[in-house]
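Enquirer: sequence unknown, structure follows:
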């Protein structure tokens, strides 16, 4: 996998989930706005790490910073940029040490449909439907947490962003 797949997901991605592929093992499946899917021969956790690196952050920083805000240590939504937050949901029963977590772009979620008390289908704007192992209430709470984290991200970064947009940020140059 190269960086172009990470970049493509950043621009057109809706979700990525871990899947077992015959003769390849643990892989990641990307769901794109165009309605297509793409399988990559890389583990979901590595794809997540590269996506976070692309945006200049890490999972531990986000867990520490935003986990406390929503009162969670696990399954904490991650804000990558303005309006671009990914939400974790359990999408499979892992075999051994495999990841069970899939990540969904919050703005791409259209609705949640409860299938059973602990199984809900996430409907994405492109028409993709992905089952997750959570109640509908939990899914809605995750979406609320993501919106709250986005607001906090804006509070932290908006003053600095305005300075850069208006051109009033102080820039230092080094003369050699």
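Expert: That came through fine. Source: prediction; values computed, not measured. Numbering: from 1, shown residues only.

Enquirer: any stretches of this protein with poor pLDDT?
Expert: Within the chain, the ranges that satisfy pLDDT under 70 run 1, 154-176.

Enquirer: what sits against the residue nearest to the spatial centre of the chain?
Expert: Nearest residue to the geometric centre of the chain (CA atoms, centre = their mean): residue 86, 2.3 Å. The contact partners of residue 86, by CB atoms under 8 Å, 6 or more residues apart in numbering, come to 51, 77-78, 80, 103-106. Every C-beta, even on glycine, is put in place using the N, C-alpha and C of the backbone.

Enquirer: do the same with residue 87
Expert: Counting by CB under 8 Å, 6+ apart, the residues that residue 87 touches are 77, 103-106, 109, 142-143, 145-146.

Enquirer: if we can go back for a sec, who wins on neighbours among the contacts of residue 86?
Expert: Greatest neighbour count in the contacts of residue 86, by other CB atoms under 10 Å, goes to residue 104: 29 neighbours.

Enquirer: just checking, it touches residue 9?
Expert: No - contact criterion CB atoms under 8 Å: residue 104 and residue 9 do not qualify, at 12.0 Å.

Enquirer: which parts of stretch 100-120 are buried?
Expert: 100-106, 108-109, 112, 120 (16 or more other CB atoms under 10 Å).

Enquirer: quick one, helices of this structure?
Expert: 3-12, 44-54, 59-70, 136-166 (DSSP state H).

Enquirer: and the residue nearest to residue 52 when sequence neighbours are not counted, how many neighbours?
Expert: Once flanking residues are discounted, residue 52 sits nearest to residue 58: 5.5 Å by CB to CB, 6 or more residues apart in numbering. Neighbours of residue 58 under the rule other CB under 10 Å: 13.
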